[in-house]
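> I'd like to go over a predicted model; first the sequence, then the structure.
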Amino acid sequence: MTLPAPFRRFTSFFHQDIDIAYKSPEALVDEALRDFTPQERQALKHYMKELTDGRYDEMQLREIWLKSRAEVLPFWGDEGNCTEFLKYLRELVEKDVPPET
C-alpha cells in the first residue's frame, strides 16, 4: 500500500521531539499544514476521513501508521488506540481545512 504524499508529509511532524517542538496537538497541526497547498490540505482531509470511516480495523490502522513517516506511536503493544488517535487528528485537520466549494 502506497500512502498519499500529503499524509506521509503530515506524519513526518510526529518525531521524537514532538513534546518539545509543539505545545499542543493543535499547534502541531497548524505547523504541519502551514506550507500545504489547498489541494494537499483537501487530499489529507479526504484520506483522514477514509482512514476513520470504519473500513480499516485497529490493526490495519496501526500498520498504516507504521508505514508512515511518523517516529511517534499513538499506541504501545496492546495499549493505546490508533483509531481514536486518527479520529482526533482528523477533527483537528478538518478545523484547519475549509469545506470544498
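Right, received. Where do you want to start?

> partners of the helix or strand of the chain at the bottom of the mean pLDDT ranking in the sheet?
Using mean pLDDT, DSSP states H and E, the weakest-scoring helix or strand in the chain turns out to be strand 79-80, at a mean of 76. Its sheet considered, strand 79-80 pairs with strand 75-76 (antiparallel) by DSSP bridges.

> Show me how far the strand it pairs with is from its chain's centre.
15 Å (Cα atoms, centre = their mean, to the nearest Å).

> got the contact list for that strand?
Contacts to strand 75-76, defined as Cβ atoms under 8 Å, 6 or more residues apart in numbering, come from residues 62, 65, 81, 82, 85. The way it works is simple: take the backbone N, C-alpha and C, and place the C-beta from them, glycine included.

> what's the distance between residue 34 and residue 9?
11 Å (Cβ to Cβ, to the nearest Å).

> more crowded one of the two?
residue 9 (18 against 8; other Cβ atoms under 10 Å).

> these two touch, right, the more buried one and residue 69?
Yes - contact criterion Cβ atoms under 8 Å: residue 9 and residue 69 qualify, at 7.5 Å.

> what do those two both touch?
With Cβ under 8 Å, 6+ apart as the test, residue 9 and residue 69 reach no residue in common.

> Return the per-residue confidence for residue 101.
In this model, residue 101 is scored at 60, pLDDT.

> contacting residues around residue 100?
By Cβ under 8 Å, 6+ apart, the contact set of residue 100 is residue 42.

> And the furthest pair within the contacts of strand 75-76?
65 and 81 (11.4 Å; Cβ to Cβ).
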